[in-house]
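A.B. asks: turn this into a structure:
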Amino acid sequence: MPSLELPAGALPASTPATPRAFPVLRLLGRGVSRTGILLVLAVLWEVLPRTGLADPTFLPSLSEVLAAGWDLARDGQLAEHTVASLQRSLLGLGLAVLYAVPLGLAIGWYRRTHDVLNPLIEVLRNTAPLALLPLFILFLGIGEVSKVALVVYSCSWPLLLNTVAGVRQVDPLLVKSARTMGATPAQLFARVILPAALPGVFVGIRLASAASILVLIAAEMVGAKAGLGYLVIYAQYNFQIPQMYFGILSITAIGLAVNASLEYLERRLMRWKAT
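C.D. replies: Numbering: from 1, shown residues only. Model prediction:
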């Protein structure tokens, strides 16, 4: 009787081939799953005040908030306050990156530097930046310098600590292999230590960007004549609730945009990193 077994690797004629997933449909489904909860929140925000389930005096509908934002954009107030906040935030973040990242690399790589500076770092990083706001205003005045300095201070610690952690997590085998092949200290640092520490550095930059916006908004609420923090607190004092909510949404949008830009920059600079 002839054998009914199939040759190795062959499929029965009735077995359908596995269909390939369409990339466009996959991306569409992923986008819907990510934005679905936001769409639900937006619908609830619009419906609850209109149905009386929420007091529209304190929670105006989303359409009313967006209309107030459109008015702020038309008369130029939104652009003025946004530019003021972005200038302070990005300047403070940039200055912090310029000094905190090299200092973190030195602390992480040189044990003696770590032993000398670590007690001071531990004291300063556990002091809340907003608690020092009166001191910054007292010594630097109520102008731009005190706000930028406060942003620099608040950004320093996530940058410093994550850079140190990135250097400490470099694989010792990579360092030993580079030294075995005759790499000079400068080559070792540029070709091994810095690339391996870059993921930690970018984590610090992203955390610092969030801290810069958070601290700056609080500082603008205390003493400023422009900025999104000033816009929010001014609208609250004058009971312009839709404008207040739109100011909060603008701060959130800026935070998301800055974080997305940093993620894109990280992917471009570290294409070798495994996803």
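A.B. asks: contacts, neighbours, all on C-alpha from now
C.D. replies: Will do.
A.B. asks: where in the protein is pLDDT low?
C.D. replies: 1-33, 272-275 (pLDDT under 70).
A.B. asks: now the helices for it?
C.D. replies: Remark: helices assigned in the chain by DSSP state H are 23-51, 62-74, 77-109, 111-125, 133-140, 144-168, 172-180, 185-188, 194-222, 228-237, 241-269.
A.B. asks: could you dump those to TSV with mean neighbour count?
C.D. replies: Formatted as TSV, the helices of the chain follow (neighbours: other C-alpha atoms under 10 Å):
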stretch	mean neighbour count
helix 23-51	12
helix 62-74	17
helix 77-109	19
helix 111-125	12
helix 133-140	15
helix 144-168	24
helix 172-180	13
helix 185-188	13
helix 194-222	21
helix 228-237	21
helix 241-269	17
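A.B. asks: show residues contacting stretch 39-48.
C.D. replies: Stretch 39-48 is contacted from outside by 54, 61-63, using C-alpha atoms under 8 Å, 6 or more residues apart in numbering.
A.B. asks: switch the residues you listed over to CSV; also include distance to residue 123.
C.D. replies: Shown next, in CSV, are those (distance: C-alpha to C-alpha, whole Å):
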residue, distance to residue 123
54, 45
61, 46
62, 44
63, 47
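A.B. asks: out of those residues, who's nearest residue 187?
C.D. replies: Nearest to residue 187 out of the contacts of stretch 39-48 is residue 62 (C-alpha to C-alpha; 56.1 Å).
A.B. asks: on that earlier part again, which one of the contacts of stretch 39-48 is nearest to residue 173?
C.D. replies: residue 62 (55.9 Å).
A.B. asks: enumerate every residue touching the closest one.
C.D. replies: Counting by C-alpha under 8 Å, 6+ apart, residue 62 makes contact with 42, 45-46.
A.B. asks: how about a cut-off of 6 Å?
C.D. replies: By C-alpha atoms under 6 Å, 6 or more residues apart in numbering, residue 62 lies in contact with 45-46.
A.B. asks: and what of residue 55?
C.D. replies: Here residue 55 is in contact with residue 49 (C-alpha under 6 Å, 6+ apart).
A.B. asks: for it, grab phi and psi.
C.D. replies: Torsion angles at residue 55 (phi, psi; degrees, to the nearest 10) stand at phi -70, psi 110.
A.B. asks: how much space separates residue 169 from residue 199?
C.D. replies: Note on residue 169: its distance to residue 199, by C-alpha to C-alpha, to the nearest Å, is 10 Å.
A.B. asks: need the overlap of contacts for these two.
C.D. replies: By C-alpha under 6 Å, 6+ apart, residue 169 and residue 199 have no common neighbours.
A.B. asks: test my guess that residue 200 contacts residue 160.
C.D. replies: No: assessed by C-alpha atoms under 6 Å, residue 200 is found out of contact with residue 160, at 10.0 Å.
A.B. asks: contacts for stretch 131-138?
C.D. replies: Contacts for stretch 131-138 (C-alpha under 6 Å, 6+ apart): residue 146.
A.B. asks: make it 10 Å
C.D. replies: 129-130, 140-150, 153, 215, 218-219, 222-223 (C-alpha atoms under 10 Å, 6 or more residues apart in numbering).
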